[in-house]
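Trainee: Build me a structure from this.
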Amino acid sequence: MLVLSGQLSPLQQHLLQELDLCDLPAPEDAPEAYLVRDLDADEIRDALPTLVWAGLVERRDGVPDILALTPLGAATLRAAECDELAARLSAVAAFADTVSTGAEPRAAGLALRHLAEGTWTLEQARSYVRTGETGIARS
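Mentor: The predicted model follows:
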């Protein structure tokens with residue numbers, strides 16, 4: 001479900017990204033098409049009414065029904081991706097303060113790479129530079 005600020009849930013964003021690549025059969029017609037994309041067909045089926053109502057996805061009737069990204073859906077996806085990148089850039093800029101305090105270069109470089117990729121948060125990057133640990137439990 002879309003939140004009031006218009007942000008997409010991770011499931012919604014993942015589905016829109018997949019639909020940006022190609023149209024997909026309806027989840028009830030071909031659940032395997034979602035499984036190979038690491039999406040749960042039941043969750044997609046539950047999320048679809050909201051996405052269709054919001055005008056982000058359209059159902060094209062046929063045998064099987066086809067789901068397609070609308071122009072509004074594509075614009076919403078791009079806005080969400082832009083917001084993610086802006087947040088990452090902001091975290092990288094904030095991390096510069098940590099590095100300027102005399103962090104060990106190798107640790108700072110690794111932390112910066114993970115932060116820029118979005119695999120670590122700002123707190124994890126700072127923790128790694130200070131302690132050598134990110135605070136992420138390893139399996």
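Trainee: Which positions in stretch 19-32 come out as buried?
Mentor: Leu19, Leu24, Pro25, Ala26, Pro27, Pro31 (16 or more other C-beta atoms under 10 Å). Just so you know, the C-beta spots here come from the backbone N, C-alpha and C atoms, and that holds for glycine as well.
Trainee: quick one: which of the residues you listed is nearest to Ala108?
Mentor: Leu19 (38.8 Å; C-beta to C-beta).
Trainee: How far off centre is the helix or strand that closest one falls within?
Mentor: For Leu19, the host element (DSSP states H and E) is helix 10-21. On the basis of C-alpha atoms, centre = their mean, to the nearest Å, helix 10-21 sits 8 Å off its chain's mean C-alpha point.
Trainee: which helices and strands does it pack with?
Mentor: Contacts defined by 3 or more C-beta pairs under 8 Å, 6 or more residues apart in numbering; DSSP states H and E place helix 10-21 against helix 41-53, strand 57-60, strand 66-69, helix 71-99.
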